[in-house]
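*Asks:* need a structure here:
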Amino acid sequence: MLGILFYAYGAPQSIDDVPAYFEHIIGRTPPSPMMENVTQQFKDLQTADPITLYAPRIAEALETVLNQDGANTVRVYNAYKHTAPFTDDAIQAARADGCTELLTLTVNPIYSASGGGSFHEEVAEKVTDMPVIPLKNYYEAASIVEMYARRVKAAYNFLPRDATKKVFYTVHSQIVDPERNAPYVAAFEAFAKLVSEQADVPDFEAVYRSGRKGWLDPDVKEAIRRDTAAGFDGFVTCELLSIVPDMESFFEIGRDCKVLCEELQVAFVQSEFIGDSFDGIMALANEIKQLHYAKI
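*Replies:* Now for the predicted structure:
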């Protein structure tokens, strides 16, 4: 039986869980003003945390699709970095259910050694009694590119028809370290190019969010200001690091860019996240089949 460990950053089940969640992320108890600000951001969502909502539904949908023909048995387990169930919990559950091999899958189409990518190595190190198959850099798959291109094209077309338009693709910034950054940047830029070509978008750029001095740039908001001055008056943002919005990306390429574009009096549309959409589930299931279960 194949067990799929589906990894995401964390999934607080209640607003009461947010302090412990954030403490786990930063490794210490934060100052009260910082904690109050983080908690307020979760309240500002006006929904439950997006990862908490989407990740279990994605796991359930993948399990349903991959077991459709009855010829194979597949179980999908959620695993999180900063909340339960943690990686060890997911591994234990897979063993208890009788899984004989594991496949590791993250919410991140792009492999990042400092981010979700470390999950693949963590599982491989902890599980030595059965095969562990990593699904890395699945952004390269045609079906994945197509579902992103569909969303980018819809957002692009929704801008005013007479606007001079540009698409900004984003990922979380990293501390500048050329050797360590190189694979991450190359994958990000390649993904952005693939999606833009498929969506027939002529003007696009790979930029960053959550950065600061000494981190990879340009920042998406700085890029919007720069290109507004250059004559563009319609912008699309599209996050490529995760199929599911997290707290930072939800606000940074959505609300924050919207406010800036209103200030600059230019048009703005955010491209949809993949989430638990039908085409997203089918594309992920297809990649799992290609990697491991071609016979399904």
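
*Asks:* and E146, how far from S271?
*Replies:* Counting by Cβ to Cβ, to the nearest Å, the separation of E146 from S271 is 14 Å. Where C-beta positions appear, they are placed from N, C-alpha and C, glycine not excepted.

*Asks:* would you mind telling me which of the two has the busier surroundings?
*Replies:* Comparing E146 with S271 by other Cβ atoms under 10 Å, the one with more neighbours is S271, at 26 against 15.

*Asks:* enumerate every residue touching the more buried one.
*Replies:* 148, 151-152, 154-155, 167, 236-239 (Cβ atoms under 8 Å, 6 or more residues apart in numbering).

*Asks:* pLDDT and distance to Y139 for those residues - can I get that in TSV?
*Replies:* Listed next are the contacts of S271 as TSV, based on pLDDT from 0 to 100; distance: Cβ to Cβ, whole Å:
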residue	pLDDT	distance to Y139
Y148	98	8
R151	98	14
V152	98	13
A154	98	19
A155	98	18
V167	98	16
V236	98	18
T237	98	17
C238	98	12
E239	98	12
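
*Asks:* is it possible to export those to CSV including distance to I133 and secondary structure?
*Replies:* Below are the contacts of S271 laid out as CSV (distance: Cβ to Cβ, whole Å; DSSP: H, G, I helix; E, B strand; the rest coil):
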residue, distance to I133, secondary structure
Y148, 24, helix
R151, 28, helix
V152, 30, helix
A154, 34, helix
A155, 34, helix
V167, 33, strand
V236, 35, strand
T237, 33, strand
C238, 29, strand
E239, 26, strand
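
*Asks:* would you mind checking those residues for buried ones?
*Replies:* Buried subset of these (neighbour count, 16 or more other Cβ atoms under 10 Å): 148, 151-152, 155, 167, 236-239.

*Asks:* who touches the closest residue to V38 other than its chain neighbours in this structure?
*Replies:* Leaving aside its chain neighbours, V38 sits nearest to F22 (5.1 Å; criterion: Cβ to Cβ, 6 or more residues apart in numbering). Shown in contact with F22 (Cβ under 8 Å, 6+ apart): 30, 35, 38.

*Asks:* before we move on, the earlier item: widest-spaced pair of the buried ones among the contacts of S271?
*Replies:* Largest separation among the buried ones among the contacts of S271 by Cβ to Cβ: Y148 and T237, giving 12.8 Å.

*Asks:* nearest residue to the residue most central in space within the chain in space, please, no chain neighbours.
*Replies:* Centroid check for the chain by Cα atoms, centre = their mean gives S242 as the closest residue, at 0.7 Å. Leaving aside its chain neighbours, S242 sits nearest to V107 (4.6 Å; criterion: Cβ to Cβ, 6+ apart).

*Asks:* I'd say that neighbour and V244 touch.
*Replies:* Yes: contact criterion Cβ atoms under 8 Å: V107 and V244 qualify, at 5.0 Å.

*Asks:* now do the shared contacts for the two.
*Replies:* Residues touching both V107 and V244 (Cβ under 8 Å, 6+ apart) are 8, 51, 55.

*Asks:* what sits against the first one?
*Replies:* In this structure, A8 makes contact with 51, 55, 78-81, 106-107, 116, 242, 244, judged by Cβ under 8 Å, 6+ apart.

*Asks:* in CSV: the residues you listed, plus distance to D88.
*Replies:* Shown next, in CSV, are the contacts of A8 (distance: Cβ to Cβ, whole Å):
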residue, distance to D88
I51, 19
A55, 17
N78, 13
A79, 9
Y80, 11
K81, 12
T106, 17
V107, 19
G116, 17
S242, 23
V244, 22
